[in-house]
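Asker: generate coordinates for the sequence data below:
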Amino acid sequence: MAAQDTIDALVAEVAEDVTVMDSATALINGISERITAAVAAAVANGATAAQLAPLTSLAASLDASSNSLRDAVVANTPAEAQARRK
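Answerer: Sure, this is the predicted structure:
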């Protein structure tokens, strides 16, 4: 395999990985948002914060995971690639 073929394959693989990571972040955020909405609805219907604490904790954990994933992608994406995405 020629050097350019190797580079092209690596660029394509990284682009695919970034797409997958972006999708994972969107999924994690979506689940967290649904949990947060469900907690708010439950509180509006009389549930207590103590009853909903496990769900609130789960949403916070998902948010932290999403933030970690986003930070890892940003930290490992060259500045010129980030500029192209904006």
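
Asker: so where's this structure uncertain?
Answerer: Low-confidence segments of the chain, defined by pLDDT under 70, span residues 1, 80-86.

Asker: all helices for it, in order.
Answerer: In the chain, the helices defined using DSSP state H lie at 3-44, 49-75, 79-85.

Asker: the second one - contacts with which helices or strands?
Answerer: With contacts taken as 3 or more Cβ pairs under 8 Å, 6 or more residues apart in numbering; DSSP states H and E, helix 49-75 sits against helix 3-44. Using the backbone N, CA and C atoms, a C-beta is placed for each residue, glycine as well.

Asker: could you find the closest non-adjacent residue to Val73?
Answerer: Met21 (5.2 Å; Cβ to Cβ, 6 or more residues apart in numbering).

Asker: still on that earlier bit, now the helices of the chain in JSON lines, with mean neighbour count?
Answerer: Formatted as JSON lines, these follow (neighbours: other Cβ atoms under 10 Å):
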{"stretch": "helix 3-44", "mean neighbour count": "13"}
{"stretch": "helix 49-75", "mean neighbour count": "13"}
{"stretch": "helix 79-85", "mean neighbour count": "9"}
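
Asker: before we move on, the earlier item: can you tell me how far the residue nearest to Val73 sits from Ala49?
Answerer: Distance, Met21 to Ala49, using Cβ to Cβ, to the nearest Å: 33 Å.

Asker: ditto for Leu10
Answerer: As judged by Cβ to Cβ, Leu10 and Ala49 stand 49 Å apart.

Asker: center of the chain, which residue is that?
Answerer: Note on the chain: the residue nearest the mean C-alpha position is Thr25, at 1.8 Å, using Cα atoms, centre = their mean.

Asker: that one reaches Asp63, doesn't it?
Answerer: No - taking contacts as Cβ atoms under 8 Å, Thr25 lies outside contact range of Asp63: 10.7 Å.

Asker: show me what contacts the nearest residue to Ile31 once chain neighbours are set aside?
Answerer: If you skip the residues right next to it in sequence, Ile31 has Leu62 as its closest partner in space, 5.8 Å away by Cβ to Cβ, 6+ apart. Taking Cβ atoms under 8 Å, 6 or more residues apart in numbering as the definition of contact, the neighbours of Leu62 are 28-29, 31-32, 35.
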